[in-house]
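Trainee: When you get a sec, could you give me coordinates for this:
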Amino acid sequence: MDILGATLRVCVDDLEAAVPFYERLAGGTALRFERGGVQVAAVGCFLLMSGPEAELEVLRKVAATIAVKDVEEANRVLTELGAHVIAGPVSTPAGRNLIAMHPDGVVYEYVDRNP
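Mentor: Residues are numbered from 1 along each chain as shown. A predicted model of the protein is given here:
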């Protein structure tokens with residue numbers, strides 16, 4: 001399984017106030033989208049999220065987002081290594097993802113950019 005990088009997940013109260021700071025910090029422009037009632041801004045290695053507390057509570061349980069070459073391969077490797085796949089793989093507007101709990105109890109999202 002090829003791990004291409006990781007994204008830090010940051011829940012913020014005010015997305016509009018947070019975005020300029022992270023754009024300057026990361027030296028880029030945020031890509032914005034909405035998913036499940038949560039406003040999201042991706043900038044550099046940061047994924048900023050703001051929305052209803054009930055939704056954010058679920059998102060906070062995921063330690064990080066890990067970019068991989070192929071989510072199907074990640075699914076196979078994670079399962080072989082004893083991880084528990086909680087959700088997915090599923091298609092998203094940007095590719096595919098899955099949520100997995102590692103044997104140590106930490107939960108991660110794995111994503112690819114494949115159609």
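Trainee: Could you pull up the contacting residues of the residue nearest to Gly44 when sequence neighbours are not counted?
Mentor: Distances taken as Cβ to Cβ, 6 or more residues apart in numbering put Ala26 closest to Gly44, at 2.7 Å, once the chain neighbours are dropped. Bear in mind the C-beta positions are built from the backbone N, C-alpha and C, glycine included. Ala26 makes contact with Val43, Gly44, Cys45, Phe46 under the criterion Cβ atoms under 8 Å, 6 or more residues apart in numbering.
Trainee: Buried among those residues? Make that a ChimeraX selection.
Mentor: The following ChimeraX line selects those of the contacts of Ala26 that are buried, judged by 16 or more other Cβ atoms under 10 Å:
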select :43,46
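Trainee: Any chance of a markdown table for the contacts of Ala26, columns secondary structure, pLDDT and distance to Ala83?
Mentor: Formatted as a markdown table, those follow (DSSP: H, G, I helix; E, B strand; the rest coil; pLDDT from 0 to 100; distance: Cβ to Cβ, whole Å):
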| residue | secondary structure | pLDDT | distance to Ala83 |
| --- | --- | --- | --- |
| Val43 | strand | 92 | 29 |
| Gly44 | coil | 91 | 27 |
| Cys45 | coil | 91 | 23 |
| Phe46 | strand | 94 | 25 |
